[in-house]
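J.: predicted structure and sequence below. I'll ask about it afterward.
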Amino acid sequence: MNDPTTGTTSTSAARQSGDGALEAREKQEVVQEGTRPGLVFRPDIDIVERKDGYVIYADLPGVDEESVDVRLEKGVLTLDAQLATLPEPGWQPLHAEYRLGSYHREFRVSDEIDASGVTAKMRNGVLELHLPRSAEQQPRSIPVQTG
Amino acid sequence: MARYSVLRPRAAQTWGGPWDELRREMEAVLDRYGAPLPTAPRGVFPAVNLYESEDAYILTAELPGVEPDDIDVSIEGTTVTLRGERRIEFADEQASLHRRERQAGVFRRSFELPVAIEADKAEAVHRNGVLILRLPKTP
């Protein structure tokens, strides 16, 4: 077969080498009634809880710091992002395994988050969101005194 | 046979020839046995798109969170190989993971191009987590 993207068997070698081999997953579309044109995907995320709060990592390939919008309103954190890295107009598609579109995801956050302290940064298409606990919610150790 | 044929990008109406036939055959088989299509089809990582411009082939791959140093692109004749590792590390050992959807691991994928390219003039850029590999055609 003369398809330019015919894979070789080399990938199975990587897969056999351990649990570390990656598999491609199709991007999940956001199901919503909307008036916005184009596809909207639900990005993959990790949520990590630390002593001082939460960190959310979201995979947003093609998005830069200018094209991402994060809002926290009424206890709902909304993430919207548009693609900044797009195919050039003169490129004719020959073969497509992934689709292009914007990203959207919402999170309900608890009252313990200090809304004014939320910070975000983008690096290599990954958004890192820091949601600090408000000061009074920080875990404290209470010393026990002898009577 | 390439495994990523199970990926079914719905928007990709650009497939032609053997790919289209293969897809139709697969759909026919699935219809016959009434098997539901998987909600998240899996394939070889990374998924790639291929474009053609006047003077080059352009291969793009979504590799968010992969450091440029962790991506290795090699060209041998008409074979292009992408290799690398996606690492996900959390600095804080005290941290507990509430949700884990992002994957880490190694990848390796090769492509056979139909025509010779100018390997010396090939360029790779990694921008916003997207690898863009420009493979100039021989004049």
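T.: It's in. Numbers count the residues shown, from 1 in each chain, chains lettered A, B, ... in the order given.
J.: ranges for the helices of chain A?
T.: All helices of chain A, identified by DSSP state H, fall at A:10-16.
J.: poorly predicted segments of it, please.
T.: Residue ranges of chain A with pLDDT under 70: A:1-20, A:32-36, A:137-140.
J.: name the nearest residue to the residue in chain A that chain B sits nearest to, ignoring sequence neighbours.
T.: For chain A and chain B, the shortest gap (C-beta to the nearest C-beta) falls at A:Gly125, measuring 1.8 Å. In short, each C-beta sits where N, CA and C put it, glycine included. Distances taken as C-beta to C-beta, 6 or more residues apart in numbering or on different chains place B:Gly129 nearest to A:Gly125, at 1.8 Å, with adjacent residues excluded.
J.: was I right to think the one you found contacts A:Gly62?
T.: Yes - with contacts counted by C-beta atoms under 8 Å, B:Gly129 reaches A:Gly62, the gap being 6.8 Å.
J.: just to revisit the earlier point, and the residue of chain A closest to chain B, how many neighbours does it have?
T.: Using other C-beta atoms under 10 Å in any protein chain shown, A:Gly125 has 26 other residues around it.
J.: so how far is B:Asp69 from it?
T.: 15 Å (C-beta to C-beta, to the nearest Å).
J.: again with A:Asp44
T.: According to C-beta to C-beta, A:Asp44 stands 23 Å off from B:Asp69.
J.: show me what B:Leu59 is bridged to.
T.: B:Leu50, B:Leu133 (DSSP bridges).
J.: test my guess that it contacts B:Leu50.
T.: Yes - contact criterion C-beta under 8 Å: B:Leu59 and B:Leu50 qualify, at 5.4 Å.
J.: the closest residue in space to B:His126 that isn't next to it in sequence: neighbouring residues, count only.
T.: Once flanking residues are discounted, B:His126 sits nearest to B:Pro68: 4.4 Å by C-beta to C-beta, 6+ apart. A count of nearby residues for B:Pro68, using other C-beta under 10 Å, gives 13.
J.: residue contacts, A:Glu29?
T.: Shown in contact with A:Glu29 (C-beta atoms under 8 Å, 6 or more residues apart in numbering or on different chains): A:39-42, A:101.
J.: how does it look with 6 Å?
T.: A:Phe41 (C-beta atoms under 6 Å, 6 or more residues apart in numbering or on different chains).
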